[in-house]
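J.: make a model of this:
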Amino acid sequence: MTVLSLARDTDTADLIAEMGRNARAAQRLMALASTPTKRAALNTMAAFVRSRSEAILAANAEDLAAMAAESAFRDRALLTPERLAAIAAAILAVAALDDPVGRVLAAWDRPNGLAIERVATPLGVIGVIYESRPNVTADAAALCLMAGNAVILRSGSETLRSAHAIVEALRSGLAAEGLPVDAVQLVPTPDRAAVGAMLAGANGGLDVIVPRGGRSLVERVQAEARVPVFAHLEGICHIYVDPTADVDMARDIVLNAKMRRPGICGAVETLLVDKRCAETHLPVIAAALTAHGCELRGSSSARAIVPMGEATPEDFATEYLAPILSVAIVDGLDAALDHIATYSSHHTDAIVTADPAAAERFLSEVDSAIVMVNASTQFADGGEFGMGAEIGIATGRMHARGPVGVEQLTTFNYRVRGTGQTRS
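T.: All right, here's what the predicted structure looks like:
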C-alpha cells in the first residue's frame with residue numbers, strides 16, 4: 001500500500017494490526033541479525049537516501065506546497081540538500097555505534113553453582129508517532145534497527161510524502177542486505193484513527209510507543225496508550241545566569257540557545273538573571289537577542305532594566321518554539337532553583353557560572369533529564385551526545401531519560417546456566 005492509497009477501502013484498525021503482525025515477524029529476524037549485517041544495512045540505507053535525494057526533495061516540495069505559508073511547521077518540515085545529507089550522515093553515525101544487543105550488563109555466580117547474567121535484548125516492535133519532522137523518519141528507523149527492533153512510523157500528515165520517500169529508500173537498503181523490509185513500515189494514511197489503533201497496541205503488535213511532537217499529541221498518547229510510552233511533554237528550558245558568569249560567555253550561550261533554531265525542543269524559553277549581575281549582564285544579553293530578531297517578555301524587575309514586553313505567569317509556562325524569550329530577575333541560586341522547579345518541563349536546564357559550588361548545586365538539585373553548566377541548551381541532542389541520533393528526549397523517570405538512543409531501545413533478560421541444580 002502506497003502513501004497515495006490512504007487505506008480508503010481498508011479499515012484503519014485492520015491496517016495497523018496487519019502492520020503489527022508484519023513488524024513482529026520482521027523483528028524476530030532483526031533480533032538475530034549480526035552486528036556486521038546491521039551495519040551493512042544501515043550503510044546501504046544511507047547510500048539510498050543520498051542516491052534518491054532528488055525524489056525525496058521533490059516529495060518534500062509537494063508537502064511544502066500544500067502547507068500554509070505561515071505554518072509554524074515549515075522550518076521543521078523543510079528538507080534541503082544539506083539537511084538531507086545530514087540525515088544520511090546520521091544513519092552512518094548510528095551504524096558506527098557499538099551494538100547494544102547482547103551486552104552483558106551484570107554477571108554473578110550463586111553459591112549453588114548457578115551462573116547468572118543480565119543481558120541486553122531488543123525491546124521488540126516500536127511505534128513512533130511524530131509531527132512534521134522528516135529527519136525523525138530516518139533517525140528513528142536507524143536507531144530501532146541497530147538495537148534489533150522493528151519500527152512502525154506514523155508521520156504528521158503535513159510531511160507524509162517526504163516520510164514515504166525516505167522510508168522507501170530505507171526499505172531498499174534493508175532488502176539489498178537481505179533483511180526484512182517490514183522492519184521499517186510507515187502508516188500510509190493521515191487518518192487520525194491510525195494513532196488510536198497504535199495507542200491500543202496494534203492488536204498486540206506494538207511493545208512501546210514514542211511520541212515526538214507538541215503538547216496535544218503527547219497528552220493524547222499519555223492518556224490513551226495501552227503500551228508503555230517514552231515521552232516528553234514539552235521543552236520549557238531555562239538558563240540561569242549566575243553573578244560570577246562571564247558576560248560575553250553568557251551572551252553567546254543565551255543567543256545560541258534561543259536563536260540557533262528557535263523551533264526545537266532544546267531551545268531556551270526562559271532566561272533567569274541573578275539580581276547581583278542584572279544591571280551589567282542583562283543589557284548585553286538583551287541587545288544581542290533583539291539584534292537577531294528575538295522578542296523579549298520580562299518580569300517587572302527585568303523591564304526596569306531593559307525595555308521589553310510584559311511576561312505573564314502563562315509566558316513562563318509556555319514552550320514558544322519561536323523567537324520569543326521570557327526573562328526574570330531572581331534573587332540568588334535558591335530563587336532560580338525554585339523558579340525552575342515551578343515551571344520546568346524537566347527537559348533541559350542550564351547555568352552559566354564561574355563558581356564550581358554553584359555549578360555542582362545546580363547539577364544536583366535541578367530535576368531535569370539534562371542539566372548543563374556553561375553550555376547552550378541546543379546541545380540537548382542525541383547526536384551531540386555521541387549517540388549517533390535520537391528518537392526523542394524522554395523527560396519521564398522510567399527506563400529511558402534524556403536522549404533515547406540505541407542503548408535505551410533495549411531491555412534485558414536473565415540468562416541462567418546450571419549443571420543440573422534442583423531447588424529443595
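J.: determine the longest helix present in this protein.
T.: In terms of residue count, the longest helix belonging to the chain (DSSP state H) is helix 12-32.
J.: what helices or strands is whatever helix or strand comes next after it leaning on?
T.: Counting by DSSP states H and E, the element after helix 12-32 in chain order, helix or strand, is helix 35-51. Judged by 3 or more Cβ pairs under 8 Å, 6 or more residues apart in numbering; DSSP states H and E, the packing partners of helix 35-51 are helix 81-95, helix 134-146, helix 160-176. Bear in mind the C-beta positions are built from the backbone N, C-alpha and C, glycine included.
J.: how long is stretch 369-389 from one end to the other?
T.: 17 Å (Cα to Cα, to the nearest Å).
J.: and it, what's its mean pLDDT?
T.: For stretch 369-389, mean pLDDT rounds to 91.
J.: now stretch 316-324, how far from the centre of its chain.
T.: 18 Å (Cα atoms, centre = their mean, to the nearest Å).
J.: check which helix or strand the closest residue to Phe73 other than its chain neighbours maps to.
T.: Closest residue in space to Phe73, ignoring its immediate chain neighbours: Ser132 at 4.2 Å, by Cβ to Cβ, 6 or more residues apart in numbering. Counting by DSSP H and E, no helix or strand carries Ser132.
J.: so how far is Val406 from Ala96?
T.: 11 Å (Cβ to Cβ, to the nearest Å).
J.: coming back round to it: let me know the angle separating the longest helix of the chain from helix 35-51.
T.: 130 degrees (axes from the mean of the first three to the mean of the last three Cα atoms, to 10 degrees).
J.: where in the stretch 101-250 of the chain is pLDDT low?
T.: 233 (pLDDT under 70).
J.: what about the helices in it?
T.: 134-146, 160-176, 193-199, 215-224, 247-259 (DSSP state H, counting those that start in this stretch).
J.: any shared contact partners between Ala96 and Val406?
T.: Counting by Cβ atoms under 8 Å, 6 or more residues apart in numbering, the common neighbours of Ala96 and Val406 are Gly388.
J.: which other residues reach stretch 35-55?
T.: Residues contacting stretch 35-55 (Cβ under 8 Å, 6+ apart): 30, 33, 56, 81, 84-85, 87-89, 91-92, 94-96, 99, 138, 141-142, 145-146, 148, 165-166, 168-170, 172-174, 176-179.
J.: alpha carbons of it, as PDB, please.
T.: Provided in PDB are the C-alpha atoms of stretch 35-55 (Å, rounded to 0.1, in the frame of the first residue of the first chain):
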ATOM      1  CA  THR A  35      26.400  -6.600  14.000                       C
ATOM      2  CA  PRO A  36      28.100  -6.600  10.600                       C
ATOM      3  CA  THR A  37      24.800  -7.300   8.900                       C
ATOM      4  CA  LYS A  38      23.100  -4.400  10.700                       C
ATOM      5  CA  ARG A  39      26.000  -2.100  10.000                       C
ATOM      6  CA  ALA A  40      25.900  -3.000   6.300                       C
ATOM      7  CA  ALA A  41      22.200  -2.400   6.100                       C
ATOM      8  CA  LEU A  42      22.500   1.000   7.700                       C
ATOM      9  CA  ASN A  43      25.300   2.000   5.400                       C
ATOM     10  CA  THR A  44      23.300   0.900   2.400                       C
ATOM     11  CA  MET A  45      20.200   2.700   3.700                       C
ATOM     12  CA  ALA A  46      22.300   5.900   3.900                       C
ATOM     13  CA  ALA A  47      23.500   5.400   0.300                       C
ATOM     14  CA  PHE A  48      19.900   5.000  -0.900                       C
ATOM     15  CA  VAL A  49      18.900   8.200   0.800                       C
ATOM     16  CA  ARG A  50      21.800  10.000  -1.000                       C
ATOM     17  CA  SER A  51      21.100   8.400  -4.400                       C
ATOM     18  CA  ARG A  52      17.400   9.200  -4.200                       C
ATOM     19  CA  SER A  53      17.800  12.700  -3.000                       C
ATOM     20  CA  GLU A  54      16.100  14.300  -6.000                       C
ATOM     21  CA  ALA A  55      13.000  12.200  -5.400                       C
END
